[in-house]
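*Asks:* quick check, what structure comes out for this input:
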Amino acid sequence: MRLKDKVAVITGSSRGIGREIAETFAREGCDMVINYYSDATSAAQIEKKIRDIGRSVLVIQADVTKRKDIQRLFFEAITHFGRIDILVNNAGINKRGFFTEITDEDWDMIMNVNLKGPFICCQEIFSYMKEQGSGRIINISSVAGQYHGPKTVHYAVSKAGLNSLTKVIARYGAPHNILVNAVAPGIILTDQTRDELSSVAGRNVIDMTLLKRPGNLEDVANTCILLASEEQNYITGQVISVSGGAYLG
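*Replies:* Here you go, the predicted model:
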């Protein structure tokens, strides 16, 4: 129970990596806010799972790119739980495209969700954590922001920006015992990526890693547990690559 009686807000946690983080946090004793944008059905499913585990959960619909939505989310979370110990900025989107194919609309959409969203969330939660005198912020980045993938130009740039944001906010958070880090997943096996990774092109991508295999959702979630728990109190301003050696930084 490494997060016993902690309270976490996890954006974009109705499915995928965010959902796995939420379940893993709950099994470690954490109460939480599940945030979703449009998939209310999936949010209700993970809410039931967390309640079945025995933890308290609040489900809040909010658009991370809208400041008023985030202000409402944090206000409701504080009103319900009394505190927020952990923020996981997981909400993110991707749309593949080569450099010459990306439109202004594509660029703005990716930047708004992947970079502006975490910025707003960090800025809005900072005063709460500062008043508490503690907090953990974990930004879910991507190995694409480290090796600057050519097929996802705007996505890679947004995640590189998120890595920089992580380091900057870590400077602001340090005097107040707010530790800020990023987790950068690489090739992760999910229901959405299973078919792609089993293709010839997918195998070629996997062969680029040192371990020659994809990672699992648990690999990402367990890294977040380490950063969120009291097992470590001296890691901040870091981008931890969970990529099987696809990136050696």
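
*Asks:* low-confidence ranges, this structure, go.
*Replies:* Flagging of the chain using pLDDT under 70 yields the residue ranges 192.

*Asks:* now do the end-to-end distance for stretch 5-24.
*Replies:* One end of stretch 5-24 to the other measures 14 Å (Cα to Cα, to the nearest Å).

*Asks:* so how far is it off the chain centroid?
*Replies:* Using Cα atoms, centre = their mean, to the nearest Å, the distance from the centre of stretch 5-24 to the centre of the chain it belongs to is 8 Å.

*Asks:* what backbone torsions are found at the most centrally placed residue in the chain?
*Replies:* Among the residues of the chain, the one closest to the centroid is Asn90, at 2.5 Å (Cα atoms, centre = their mean). The phi and psi torsions at Asn90 (degrees, to the nearest 10) take the values phi -100, psi -30.

*Asks:* nearest residue to it in space, please, no chain neighbours.
*Replies:* Take Asn90 and drop its neighbours on the chain: the residue closest to it by Cβ to Cβ, 6 or more residues apart in numbering is Gly18, 3.9 Å away. Every C-beta, even on glycine, is put in place using the N, C-alpha and C of the backbone.

*Asks:* same check, this time on Ile188
*Replies:* With Cβ to Cβ, 6+ apart, the residue lying closest to Ile188 is Gly215, at 4.9 Å.

*Asks:* that neighbour - how many residues pack around it?
*Replies:* 19 (other Cβ atoms under 10 Å).

*Asks:* and Val33, bridged to which residues?
*Replies:* Beta-bridge pairing of Val33, defined through DSSP bridges, involves Val9, Leu58.

*Asks:* what does the longest helix seen in the chain contact?
*Replies:* Among all segments of the chain classified by DSSP state H, the helix with the greatest residue count is helix 153-173. Helix 153-173 is contacted by residues 89, 94-99, 102, 106-107, 110-111, 114-115, 118-119, 122, 126, 129, 135, 137, 139, 141-142, 144-146, 148-149, 178-182, 184, 236-239 when judged by Cβ atoms under 8 Å, 6 or more residues apart in numbering.

*Asks:* from the chain's centre, how far out does the helix or strand that comes right after that helix sit?
*Replies:* On the C-terminal side of helix 153-173, the closest following helix or strand by DSSP states H and E is strand 178-185. Once both centres are worked out by Cα atoms, centre = their mean, strand 178-185 turns out to sit 9 Å from its chain's centre.
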